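Visitor: Next input, structure requested:
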Amino acid sequence: MYMDDLKLLGRNENDLENEMKIVQTSNKDINMKFGLEKFARICLKRGGVQSKMHVGSTFENDIKELDPRKAYKYLGIEESFGIQHKNEKDKLKKEYLRRLRLVLSTELSAKNKIQAIGSLAVPVHRYTFGIINWHQEELQKLDRRTRKLLTIHGQHHPKADVDRLYVTRKQRGRGLMQLEAAYAVEIIKLVEYVDRKEDPLKQVVRTHKHNTDSAVLQTARCLTTVVQKETRKIKDSIVEKTKER
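Guide: Sure thing, here's the model as predicted:
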C-alpha cells in the first residue's frame, strides 16, 4: 500500500492491515487526515497481481485496488509490481533533453551554460542511478546527443577535443558533466556507502548484496577499474597536448 511518499509492505493481507492501523493511529494523535483518493493497494502472489474484494466500510477496505495496467509514483519513480524501467527511461530522456535545450537557448555565457547543464539537466538522470537499470550504451548515446546539441547551439566545435569538454575548468577543460562518468561515480559511491556504514539495516543490505553478488556490486567493481584507467588516459592525453602547444 502506498500514499504519496509513504509505502507499506506486508508479507500478507493481515500484516498490511495491521500496519495501516498503526499509521492511522499515529496520524490521529497528530490530528492529520488522509485523502483516501490518493491511496491504493496492490496484492502480489508469485510475481503476479492478485485482486481482492473487500467487504464493509473501514479505513483498510476503503482503499482502492491499484489497476494492474497502471503504476504509482514513489519518490519520483513509477512502480507497480516492479519498477517500470522502460517507461521511466523514456520520460527521463525527454525531460533531460528539454532542460538541455532550455539552457542552451538562453543568453548565458558559455561557462554559465555548462554550469547550468550540470545543475539543471544532469540531476534528472543522476537521481535515478542505482535505481533505474541504465546501460552504458544508453548513457553514451545521451552524451553524444548532448555534444550534438552543444554544436547546434554554437557551444562546441565539431572538430574540438572531446576529452577537454569533460575536464574540469581548473585543469583547463570546460567542466561539462558526462553522464557516463556521473553514473560510474554514483554507483561506486553507493556501494562504498553501504559497505562503510555500521547501521543494522545497511548491514542487512550489504549481506544480501554480497550473498547474491548483485548486479550493482558487479557494476561497481567493473566501473572502479574502468574509471581509474580512463582518468589516467585523459590526464596523459591532456599533458601530451599541452606539451605540443
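Visitor: going forward, measure contacts and count neighbours with C-alpha atoms only.
Guide: Fine.
Visitor: what's the neighbour count on the closest residue to Ser105 other than its chain neighbours?
Guide: Sequence neighbours aside, His153 is the residue nearest to Ser105 in space, at 7.6 Å (criterion: CA to CA, 6 or more residues apart in numbering). Neighbours of His153 under the rule other CA atoms under 10 Å: 13.
Visitor: oh, and call the first residue 16 from now on, that's how I've got it
Guide: Okay, using 16 as the starting number, the last item reads as His168.
Visitor: hang on, His168 packs against Leu119?
Guide: Yes. The pair His168 / Leu119 is scored as a contact, 6.6 Å apart, by CA atoms under 8 Å.
Visitor: Which parts of this structure are helices?
Guide: Under the criterion DSSP state H, the chain contains helices at 28-44, 100-119, 125-131, 137-141, 151-167, 177-181, 194-211, 215-227, 230-259.
Visitor: and the first one, what's its mean pLDDT?
Guide: Here the mean pLDDT over helix 28-44 is 79, rounded to a whole number.
Visitor: What are the buried residues along that helix?
Guide: Neighbour counts over helix 28-44 (16 or more other CA atoms under 10 Å) mark 31-32, 34-35, 39 as buried.
Visitor: Let me have these in JSON lines, extended by distance to Lys104.
Guide: Formatted as JSON lines, those follow (distance: CA to CA, whole Å):
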{"residue": "Leu31", "distance to Lys104": "31"}
{"residue": "Glu32", "distance to Lys104": "34"}
{"residue": "Glu34", "distance to Lys104": "33"}
{"residue": "Met35", "distance to Lys104": "32"}
{"residue": "Gln39", "distance to Lys104": "35"}
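Visitor: Could you single out the nearest of these to Leu81?
Guide: Comparing those against Leu81 with CA to CA places Leu31 closest, at 15.0 Å.
Visitor: what does the average pLDDT come to for stretch 215-232?
Guide: The average pLDDT within stretch 215-232 is 62.
Visitor: One more: stretch 166-176?
Guide: The average pLDDT within stretch 166-176 is 91.
Visitor: got the buried residues for that stretch?
Guide: The neighbour-count check on stretch 166-176 (16+ other CA under 10 Å) flags 170-171 as buried.
Visitor: Run through this structure and note the low-pLDDT ranges.
Guide: 16-19, 49-53, 61-77, 83-84, 86-91, 94-97, 212, 217-260 (pLDDT under 70).
Visitor: Got the domain ranges for it?
Guide: 17-94, 100-259 (automatic domain parsing).
Visitor: And Glu152, how close does it get to Ile92?
Guide: Relative to Ile92, Glu152 is positioned 22 Å away (CA to CA, to the nearest Å).
Visitor: higher neighbour count, the two?
Guide: Between Glu152 and Ile92, counting by other CA under 10 Å, Ile92 is the more crowded of the two (16 against 10).
Visitor: OK, contacts around that one?
Guide: Counting by CA atoms under 8 Å, 6 or more residues apart in numbering, Ile92 touches 98, 103.
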